[in-house]
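1. sequence isn't available, so here's the structure alone:
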């Protein structure tokens, strides 16, 4: 009787790769959908609904501290502090009192690129004519009123004012599209790979032997089918056929077997006299059990495909409990192209 050999069954990389190639159109389709979903979402968010180009001008100042920070721990105004200042209500009030400029939170930012003595202030507006008054107000406040209310500063002066330039948002739809395609393809392949590994599939006749220890006829197109049948069915007069799947038409199975043996030549003379009987699936009726017991041998038709292993295990366990031996197994509805590709690859017939 059968014993599962899952721990002894090696991972079949060749079969897995072939199965992934057979699923290539679905992999490409889902990868395309992922690319459209994520790449299109980026385009809609950052291009169609993203920020508009803005006019910017940068003001660079030079500061003198009351007590120059020369040692660790000395006070100085860093990048974060400057941004806190320019976003504060006090600083905006100074701008408003200087030139009447009303500044929003996204129109003014500060940066200390390298030297703490040389901060820069960037004025950013959607309209070009808004830049000049805000820029002038910032220059006046930083060099005047702000120094007066900040005791740590001795003086400040403007050393550079850039031209007004139109700055576009840093949006890279092509890179986003390529990244979406790569990531979508990667995750789709991983999902298909996990599905293939965990689906308990049966695609090859050899799987039935390696995993379940069953004698295998092969498929109807196998070159060794007639020789295997002649050996396993030798001396048998009546064979019972059953299947692991209820949807399997056993009449078609027995008809296909008879036609195969009829066209096999002289080596199948004895097999042509076999009597074939079928037992319904699932085997629930007593008469089906009696049919299997009275037959000279039981031939099990196992449809190839995903999730084919669990129905086979269930039926084998039932037959074992009923003390009914399985004479041979036929891989039914096999993917012959897949099997040929598997054995034609280098090392396939080793």
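-> Sure thing, it's come through. Not measured: the values here are computed from a predicted model. Residues are numbered from 1 along each chain as shown.

2. C-alpha from now on. contacts and neighbour counts both.
-> Will do.

3. quick check, central residue of the protein?
-> By CA atoms, centre = their mean, the chain has its centre lying nearest to residue 187, at 1.4 Å.

4. SS state for residue 75?
-> Counting by DSSP: H, G, I helix; E, B strand; the rest coil, the backbone at residue 75 sits in coil.

5. where does it fall, phi/psi-wise?
-> Note on residue 75: backbone dihedrals following degrees, to the nearest 10 are phi -80, psi 140.

6. likewise residue 328?
-> Dihedral angles (degrees, to the nearest 10) for residue 328: phi -160, psi 160.

7. look up which residues are beta-bridged to it.
-> residue 299 (DSSP bridges).

8. start at 45, not 1
-> Got it, the first residue is 45 from now on, which makes the last one we talked about residue 372.

9. that one and residue 262 touch, don't they?
-> No. Residue 372 sits out of contact with residue 262 when judged by CA atoms under 8 Å, with a separation of 9.4 Å.

10. neighbour count winner among the two?
-> Just comparing residue 372 and residue 262: by other CA atoms under 10 Å the higher neighbour count belongs to residue 262, 23 against 20.

11. the more buried one bridge partners, please.
-> Note on residue 262: beta-bridge partners residue 374, judged by DSSP bridges.

12. how about it, what does it touch?
-> By CA atoms under 8 Å, 6 or more residues apart in numbering, residue 262 lies in contact with 249, 268, 269, 373, 374, 375.

13. residue contacts, the first one?
-> When you say that, I think you mean residue 249. Residues in contact with residue 249 (CA under 8 Å, 6+ apart) are 260, 261, 262, 263, 374, 375.

14. out of the contacts of residue 262, which is most surrounded?
-> Among the contacts of residue 262, residue 374 has the most neighbours (other CA under 10 Å), with 26 neighbours.

15. could you measure from that residue over to residue 261?
-> 5 Å (CA to CA, to the nearest Å).

16. can you check residue 155 too?
-> Applying CA to CA to residue 155 and residue 261 gives a distance of 78 Å.

17. equivalent analysis for residue 365, please.
-> Between residue 365 and residue 261 the distance is 24 Å, computed by CA to CA.

18. higher neighbour count, the two?
-> A direct count of neighbours by other CA under 10 Å for residue 365 and residue 261 places residue 261 higher, at 24 against 9.

19. what's the closest of the contacts of residue 262 to residue 203?
-> residue 249 (82.6 Å; CA to CA).

20. residues touching the nearest residue to residue 99 once chain neighbours are set aside, list them.
-> In space, and not counting its chain neighbours, residue 99 is closest to residue 210: 4.5 Å by CA to CA, 6 or more residues apart in numbering. Residue 210 makes contact with 97, 98, 99, 100 under the criterion CA under 8 Å, 6+ apart.

21. could you check the pLDDT of the last one?
-> Same thing as residue 100. You'll see residue 100 listed with a pLDDT of 94.

22. show me what contacts it?
-> Counting by CA under 8 Å, 6+ apart, residue 100 touches 166, 167, 168, 169, 175, 208, 209, 210, 211.

23. and the residues you listed, which are buried?
-> Buried members of the contacts of residue 100, scored by 16 or more other CA atoms under 10 Å, are 166, 167, 168, 169, 175, 208.

24. all strands for the stretch 245-394 of the chain, in order.
-> In the stretch 245-394 of the chain, the strands defined using DSSP state E, counting those that start in this stretch lie at 260-262, 282-287, 319-322, 341-347, 372-376.

25. wait, I meant the stretch 45-194 of the chain
-> Going by DSSP E, counting those that start in this stretch, the stretch 45-194 of the chain shows strands at 98-109, 152-155, 164-169.

26. for residue 92, find the nearest of those strands.
-> Counting by CA to CA, residue 92 lies closest to strand 98-109 out of these; the figure is 15.7 Å.

27. give the pairing partners of the closest one; include direction for each.
-> Sheet pairing of strand 98-109 (DSSP bridges) gives strand 164-169 (antiparallel), strand 197-205 (antiparallel), strand 209-211 (antiparallel).

28. let me know which of those strands is the nearest to residue 84.
-> Nearest to residue 84, of all the strands paired with strand 98-109, is strand 209-211, at 23.6 Å by CA to CA.

29. average pLDDT across the closest one?
-> For strand 209-211, the mean pLDDT works out to 93.

30. distance to residue 236 added to the strands of the stretch 45-194 of the chain, as CSV?
-> Formatted as CSV, the strands of the stretch 45-194 of the chain follow (distance: least, CA to CA, whole Å):
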stretch, distance to residue 236
strand 98-109, 46
strand 152-155, 49
strand 164-169, 49
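
31. looks like residue 354 contacts residue 246 (just checking).
-> No. With contact defined as CA under 8 Å, residue 354 does not reach residue 246; the gap is 10.2 Å.

32. distance check, the spatially closest residue to residue 101 that is not a sequence neighbour against residue 153.
-> Nearest residue to residue 101, sequence neighbours excluded (CA to CA, 6+ apart): residue 208, at 4.8 Å. Remark: distance between residue 208 and residue 153 (CA to CA) = 15 Å.

33. output the below-cut-off pLDDT ranges for the stretch 45-194 of the chain.
-> By pLDDT under 70, the low-scoring segments of the stretch 45-194 of the chain are 45-52, 142-145.
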